[in-house]
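S.K.: Quick one, structure for this:
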Amino acid sequence: MKYSENLPTSEQFYKLFETTGWNDNYELSAEELYTALKNSWYTISIIDNDQLIGFGRIIGDGVVHALILDCIIQPDKQGEGIGKKITEKLVSKCKKHKIRDIQLFSAKGKAGFYEKQGFEKRKDDSPGMGLKKYW
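M.R.: Sure, this is the predicted structure:
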């Protein structure tokens with residue numbers, strides 16, 4: 001396995017992204033997803049036998065706020081420690097830059113995975129809201 005800070009191809013990422021089911025709601029093309037990746041502050045890709053098997057990224061300002069997104073592991077590779085390694089690399093990048101506020105979106109049912117790595121769920125009375133598809 002090779003860890004790379006280089007972006008995967010749009011086709012590689014689209015194929016991996018499709019394994020999550022998230023695109024059922026987003027309805028994004030490979031080109032739209034790739035534009036999102038290019039606008040990231042930091043990305044990490046895991047390649048095995050020329051195939052993208054894992055990915056994670058950060059969007060943020062490089063000083064105060066960072067949001068970890070799109071931590072995706074190919075389904076047949078889950079449970080092998082790849083997701084933990086990705087999260088460690090993403091958090092390490094934030095710590096290196098002394099980011100004060102590291103947040104992440106956790107897929108449904110995956111909060112326990114991140115809690116084992118030190119993340120905490122937001123309290124019900126904590127700030128933060130979301131806006132769903134509005135068009």
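S.K.: Would you map the strands across the chain?
M.R.: 2-4, 42-48, 51-60, 65-73, 101-104 (DSSP state E).
S.K.: For residue 128, find the nearest of the ones you listed.
M.R.: strand 101-104 (8.2 Å; CB to CB). From N, CA and C alone the C-beta is placed, and that goes for glycine too.
S.K.: ok, the closest one: who's next to it in the sheet?
M.R.: According to DSSP bridges, strand 101-104 forms sheet pairs with strand 65-73 (parallel).
S.K.: The partner strand: which residues count as buried?
M.R.: Buried residues in strand 65-73, counting neighbours by 16 or more other CB atoms under 10 Å, are found at 65-66, 68-73.
S.K.: follow-up on the earlier one: need the strands of the chain in CSV with mean pLDDT, can you?
M.R.: Converted to CSV, the strands of the chain look like this (pLDDT from 0 to 100):
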stretch, mean pLDDT
strand 2-4, 96
strand 42-48, 98
strand 51-60, 98
strand 65-73, 95
strand 101-104, 92
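S.K.: Run through the residues that contact residue 115.
M.R.: Counting by CB atoms under 8 Å, 6 or more residues apart in numbering, residue 115 touches residue 121.
S.K.: if we can go back for a sec, reformat the strands of the chain as JSON lines; add distance to residue 121.
M.R.: Formatted as JSON lines, the strands of the chain follow (distance: least, CB to CB, whole Å):
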{"stretch": "strand 2-4", "distance to residue 121": "28"}
{"stretch": "strand 42-48", "distance to residue 121": "24"}
{"stretch": "strand 51-60", "distance to residue 121": "19"}
{"stretch": "strand 65-73", "distance to residue 121": "15"}
{"stretch": "strand 101-104", "distance to residue 121": "11"}
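S.K.: which stretch among the ones you listed comes nearest residue 30?
M.R.: strand 51-60 (12.7 Å).
S.K.: Output the contacting helices and strands for the closest one.
M.R.: Counting by 3 or more CB pairs under 8 Å, 6 or more residues apart in numbering; DSSP states H and E, the packing neighbours recorded for strand 51-60 are helix 10-18, strand 42-48, strand 65-73, helix 82-96.
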